[in-house]
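Participant: How does the following fold in three dimensions:
(one chain, ligands or ions: 2)
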Amino acid sequence: MALSIAVIPGDGIGKEVMPHGVAAVQKAATADGTDIAFEWFDFASVAHYREHGTMLPEDWQTTLGRFDAIYFGAVGWPDEVPDHVSLWGSLLQFRRVFDQYVNIRPCRILPGIVSPLRDRGPGDVDFVVVRENTEGEYSNAGGRLFDGTGREMAIQETVMTRTGVDRVMDFAFRTAQKRRGHLTSATKSNGISITMPFWDERFAANSSRYPDVEVDQFHIDILTAHFVQRPHTFDVVVASNLFGDILSDLGPACTGTIGVAPSANINPEGLFPSLFEPVHGSAPDIAGKGIANPIGQIWSGALMLEHLGLPAAARRITDAFEGVLADADASVTTPRRREHRHNPLVRRGDHLQDLTLCSAPFRSCNGATRPHPTGHHPAEHACPTHAHGSIEPSAGRPTAKARVRSLEDRRCAVALLSSSSFSSSSLPPISSSCRRTS
Ligand SMILES: NC(=O)C1=CN([C@@H]2O[C@H](COP(=O)(O)OP(=O)(O)OC[C@H]3O[C@@H](n4cnc5c(N)ncnc54)[C@H](O)[C@@H]3O)[C@@H](O)[C@H]2O)C=CC1
Ligand SMILES: CC(=O)C(=O)O
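Facilitator: Ligands and ions are numbered 1, 2, ... in the order given. You can find the predicted model right below:
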């Protein structure tokens, strides 16, 4: 049975980089003997909003809930739709309703990419940001009062639950165990005096269950400075929704460009499809110019394959783009627009993609092989994402049989979600929810 992937390109450069990502994932899976059926959707885009007045169709949960994974580009076109409407109306719904409570964002200097940090190259920066993805500062608890008057006010509450904080910390500790055994917590308990002390308490309580993991914590302000001044000291960093979002743009910027940074929005239990997307947004400033770097989208595809239990296929992709980047000239980093005015991007995005798909790890292209830039044969070269333990195969996906069961479970869960009484904390065990809704 083929794996099924929902493809949502979204807006701006999302529509440009997505075909590259799909081609790479398709080719890697085929070379690995796995069939993938892709289905493309045009919702979660400003074009959909223009036509329908909403970012998503009413039945989106049922539609997307039957897929094994969601491959996402980027959403947002602020000139037409305010960002809080487009993002909250689509991506943030996916993360919350599908309980994708872990957002994994690897930061690594890739071969061939020049870091803006002096004297830092491949191997010097290699850490993972584990971001809480469903609560925290990104909450819709709050409101506005006295609109349009002198007393106008706005309140938005940060929400941290013990369940929400513990489960993402637990994931981060387990990730650290599989990597270099070091976990850093991002806090700000000197200024945010209620939720952040709670975050710190939970970090201390959880760390007692992982005596083999070395821990430290920093206030977010000095942590950003440490990212720049001593990035080599980080292994895994766990952060609340907002802090994780910021750190995971800063981290990749320190490695050269956010254009290559991938991310995985994971529901570790496999109850719902997980979502894979580049860290970057729709980049209106370069959209339509063909200069968008497709590596963030392509690398996210590798994370998706790893999650779906196909680490060898994932490795083909990471070996391929690392090899191409190592050989490429410096023009693959985030473009300086003035320099690239006359250098349309068929020579960047598309070219990079062609090179990636024709590189040695995808042997079927023209039979040509060439040495891997690290000096190792690709087969000996562990998949960076997998070897570092940032992605675990989905709990629901080890065998075809288990997959069918998981899909049925998901349908039940999606049906439950559609019922008005649902709240995530009341989700009953899958088997009973199936009985109740059937
Ligand atoms: N996950 C998502 O869908 C996200 C959506 N957004 C949305 O995207 C829109 C633009 O947001 P910005 O803050 O400008 O962030 P952005 O990530 O879209 O762009 C920031 C800067 O990085 C450059 N850049 C981004 N990706 C690149 C790539 N692949 N290759 C080369 N250069 C690249 C852009 O040209 C821009 O100068 C907004 O509507 C925002 O809300 C922003 C971040 C994440
Ligand atoms: C909204 C946004 O920037 C993100 O979550 O990636």
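
Participant: would Phe72 count as being in a helix?
Facilitator: No. Counting by DSSP: H, G, I helix; E, B strand; the rest coil, Phe72 is not part of a helix but strand.

Participant: What residues are bridge-paired with it?
Facilitator: Per DSSP bridges, the residues bridged to Phe72 are Ile8.

Participant: ok, now Ala37?
Facilitator: Ser4.

Participant: Kindly report the same for Thr184.
Facilitator: For Thr184, the beta-bridge partners under DSSP bridges are Asp216, Val237.

Participant: The stretch 51-200 of the chain against ligand 1: which residues are in contact?
Facilitator: Within the stretch 51-200 of the chain, the residues that sit near ligand 1 (CB under 6 Å from any ligand atom) are Ala74, Val75, Gly76, Pro78, Asp83, Leu87, Leu91. To be clear about C-beta, it is placed using only N, CA and C from the backbone, and glycine gets the same treatment.

Participant: The residues you listed, buried ones only, as a ChimeraX selection?
Facilitator: Written as a ChimeraX command, the selection of buried residues from those, which uses 16 or more other CB atoms under 10 Å, is:
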select :74,75,76,78,87,91
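
Participant: I'd like the residues of the stretch 51-200 of the chain next to ligand 1 written out as CSV, with secondary structure, pLDDT and distance to Ala47 added.
Facilitator: Output for these, formatted as CSV (DSSP: H, G, I helix; E, B strand; the rest coil; pLDDT from 0 to 100; distance: CB to CB, whole Å):
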residue, secondary structure, pLDDT, distance to Ala47
Ala74, strand, 98, 14
Val75, coil, 98, 11
Gly76, coil, 98, 12
Pro78, coil, 97, 15
Asp83, helix, 97, 16
Leu87, helix, 97, 16
Leu91, helix, 97, 16
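
Participant: Could you give the number of residues near Met169?
Facilitator: Met169 has 23 neighbours, counted by other CB atoms under 10 Å.

Participant: ok, which pair from the residues of the stretch 51-200 of the chain next to ligand 1 is furthest apart?
Facilitator: Greatest spacing in those, by CB to CB: Pro78 and Leu91 (14.3 Å).

Participant: residues in contact with Gly10?
Facilitator: Met18, Ala44, Ser45, Phe72, Gly73, Ala74, Val75, Gly76, Ser90, Ser282 (CB atoms under 8 Å, 6 or more residues apart in numbering).

Participant: Pretty sure the fourth one sits against His280.
Facilitator: In this case it means Phe72. No. At 11.7 Å, Phe72 does not count as touching His280 under the criterion of CB atoms under 8 Å.

Participant: Just give me the residue right at the centre of the protein.
Facilitator: Ser263 (2.0 Å; CA atoms, centre = their mean).

Participant: There's contact between Ala28 and Leu305 in this structure, I believe.
Facilitator: Yes. With contact defined as CB under 8 Å, Ala28 reaches Leu305; the gap is 6.4 Å.

Participant: In contact with Lys188, which residues?
Facilitator: Per CB under 8 Å, 6+ apart, neighbours of Lys188: Met196, His219, Ile220, Asp221, Phe243.
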